[in-house]
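Chemist: all I have is the shape, not the residue letters:
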């Protein structure tokens, strides 16, 4: 299992477009992916779940990736977060 | 209807039958059975995804990735497992698919409505949009289709529906209770539909013949014969003139005696970038970055600024983008700056010195964005070489900080705005220190002739003192060219037919103006012969 933390830089938090880019990328991988914020968590491959997590500007989220392709997924997901939120 | 206020979304006119769009409520009935309805869902899902794909590509070409991305998000919503489980649950109760979709969407929209975040609550509109798309694909009879060319008056028109209509049948569009920044309004602009956005709504029933005037922001229902004749003439003139100007699009234009000028566009916000791409401008000659500081509760962060600059540079690709560092003045003051902290003497440079941290962030955001396109920056209200020295000191600081954090940036051209008599007097020395000049004629006239830009006598005063201003401009151009740098004009005079021949004559390099004026100015240039003018 791999994981990384990320502090949200976008003033709008994880908004519709950002969530779309993240979920779109996450769906490419076999690994299960979860995003955690405090005591809430959501499946990174489900757009409504990610949106209703309501991650705001300044929040620190933790992404957990578990599966056969977790190594490559980790690098790609780190980039996607950096570029979109 | 009479009390509604309209805002132009996209200019133009239209006369035709009014058709209204309002979402119909969905009836709950007995379904065709779980398996059958499930198959219908899979079928309509495929159609919806294909439709959204098409919409995404169409929007991406014309509006850029950022604005087109909404269609990708809609695709993900339709494919979402949570969405499906809600529908599946409904279908197991033996209802019709339409109702299942409607109910599932309502549930999701309600969940989002409960969220505290205002921005998130707006996402409920996305859910309504996808539900409308699915429902419209399911019900061909109920389909919103135009049987004749019409003016559409719509409340909550889904983007997906608008994009599916036959564009040729849409004479005009009135979007009730919709902002000009909403997705559907942006798509309407992309499709070049004469359109208005209305603040508020109306309970009145609107039908009959209508005239949409998206130039003077009016909507006329059941016009009198005289009004119709009036508008028919207006429309004919407008589109004839437009066609005439269109002939200049994409063409290099020179005056009859062979003089040329480069034409650039002025913008005040990122959202106007698409206008520039549609305008035939060679680039952005003035991007007023103050907008980042207004309409906010506090100074914008470096990251926020960086994102906005990056967005514009990406969209403009290799076309030049000149961003003016923020010029906060007493007539456009953010709420978090007290009027006592700023006056005409503490604009720009003195303001930057007082708030040097803020200015440093601004410079860093600009330099960070430089790798995404063809950026140059210019400094407003520069008076003498000490101002320029200060700017270069700050730029060096910004570069050191960025290098320390291993953030990439490009070395970009730094120019200055020449807006005061002082600057003109110092222009020989200034020209040796910077990469280009841009003459801000609004402030130059205001400062030199001591008259406020809003003064109703401005035109007369300028006319009577034309030579004073003309000499200042001519000297600036001469001194710039002597030092081997280019000069542009970016005030109101740039589009003025009384001044353009003069600018051509003295060899101004660039004119920067409102995007909508570019083609008209090309026409003016093409019809000018500077050698034949007695008094320039």
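Modeler: Happy to help now that I have it. The structure displayed is predicted, hence computed values, not measured ones.

Chemist: and the helices in the stretch 301-450 of chain B?
Modeler: B:302-316, B:349-354, B:356-369, B:385-404, B:421-425, B:427-433, B:441-449 (DSSP state H, counting those that start in this stretch).

Chemist: what's the answer for chain A, then?
Modeler: Using DSSP state H, the helices found in chain A span residues A:16-26, A:47-52, A:70-84.

Chemist: for the second one, the distance to its chain's centre please.
Modeler: Yep, that's helix A:47-52 we're talking about. Distance, stretch centre to chain centre, for helix A:47-52: 10 Å (CA atoms, centre = their mean, to the nearest Å).

Chemist: does that helix come close to chain B?
Modeler: Yes: judged by CB under 8 Å from any CB of the partner chain, helix A:47-52 comes into contact with chain B at A:47-49, A:51-52. C-betas here are computed from N, CA, C, even on glycine.

Chemist: returning to that earlier point: what would the helices of chain A look like in JSON lines with mean neighbour count, distance to residue B:197 and mean pLDDT?
Modeler: Conversion of those to JSON lines gives the following (neighbours: other CB atoms under 10 Å in any protein chain shown; distance: least, CB to CB, whole Å; pLDDT from 0 to 100):
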{"stretch": "helix A:16-26", "mean neighbour count": "23", "distance to residue B:197": "21", "mean pLDDT": "87"}
{"stretch": "helix A:47-52", "mean neighbour count": "25", "distance to residue B:197": "26", "mean pLDDT": "88"}
{"stretch": "helix A:70-84", "mean neighbour count": "16", "distance to residue B:197": "29", "mean pLDDT": "92"}
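
Chemist: of those, which approaches residue B:138 most closely?
Modeler: Shortest distance between residue B:138 and the helices of chain A, using CB to CB, is found for helix A:47-52: 21.3 Å.

Chemist: quick check: closest non-adjacent residue to the closest residue to chain B within chain A.
Modeler: In chain A, the residue that lies nearest chain B is residue A:20 (3.7 Å; CB to the nearest CB). Once its chain neighbours are removed from consideration, residue A:20 has its nearest residue in residue B:73; the separation is 3.7 Å (CB to CB, 6 or more residues apart in numbering or on different chains).

Chemist: these two touch, right, the one you found and residue B:126?
Modeler: Yes: using CB atoms under 8 Å, residue B:73 and residue B:126 qualify as a contacting pair, with a distance of 6.4 Å.

Chemist: what is in contact with the two at once?
Modeler: Here residue B:73 and residue B:126 have residue A:16 as joint contacts, going by CB atoms under 8 Å, 6 or more residues apart in numbering or on different chains.

Chemist: buried residues, stretch A:34-50. List them.
Modeler: The neighbour-count criterion (16 or more other CB atoms under 10 Å in any protein chain shown) identifies A:34-37, A:42-50 as the buried residues of stretch A:34-50.

Chemist: to clarify, my last question referred to stretch B:50-68.
Modeler: Applying a neighbour-count criterion of 16+ other CB under 10 Å, the buried positions in stretch B:50-68 are B:51-52, B:55-56, B:58-60, B:62-64, B:67-68.

Chemist: for the stretch 101-250 of chain B, just list every one of the helices.
Modeler: Taking DSSP H, counting those that start in this stretch as the criterion, the stretch 101-250 of chain B contains helices spanning B:118-121, B:124-138, B:159-164, B:183-190, B:225-246.

Chemist: hmm, the fourth one in reach of chain A?
Modeler: No: if you take CB under 8 Å from any CB as the test, helix B:183-190 misses chain A, and the best it gets is 9.8 Å.

Chemist: got it, and stretch B:93-109?
Modeler: Yes: where contact is defined by CB under 8 Å from any CB, part of stretch B:93-109 touches chain A, namely residue B:108.

Chemist: how many other residues sit next to the residue of the stretch 351-500 of chain B found nearest chain A?
Modeler: With CB to the nearest CB, the shortest gap between the stretch 351-500 of chain B and chain A falls at residue B:372, namely 12.0 Å. Residues near residue B:372, counting by other CB atoms under 10 Å in any protein chain shown, number 19.

Chemist: same thing with residue A:13?
Modeler: The local packing of residue A:13 (other CB under 10 Å) involves 22 other residues.

Chemist: tell me who's in contact with the residue of chain A positioned farthest from its centre.
Modeler: Within chain A, the residue lying farthest from the chain centre (CA atoms, centre = their mean) is residue A:68, at 18.1 Å. Residue A:68 makes contact with A:30-31, according to CB under 8 Å, 6+ apart.

Chemist: helices or strands next to the helix or strand where residue B:461 lies in the packing?
Modeler: Here residue B:461 sits within helix B:458-464, counting by DSSP states H and E. Contacts of helix B:458-464 with other secondary structure elements, assessed using 3 or more CB pairs under 8 Å, 6 or more residues apart in numbering or on different chains; DSSP states H and E, are made with helix B:441-449.

Chemist: in the helix it packs on, what counts as buried?
Modeler: Within helix B:441-449, the residues that qualify as buried are B:441, B:443-448, counting by 16+ other CB under 10 Å.

Chemist: now those in TSV, with pLDDT?
Modeler: Shown next, in TSV, are the buried residues of helix B:441-449 (pLDDT from 0 to 100):
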residue	pLDDT
B:441	94
B:443	90
B:444	94
B:445	94
B:446	90
B:447	89
B:448	93
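
Chemist: mind putting those into TSV with distance to chain A?
Modeler: Written out in TSV, the entries for these read as follows (distance: CB to the nearest CB, whole Å):
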residue	distance to chain A
B:441	35
B:443	32
B:444	36
B:445	38
B:446	35
B:447	36
B:448	41
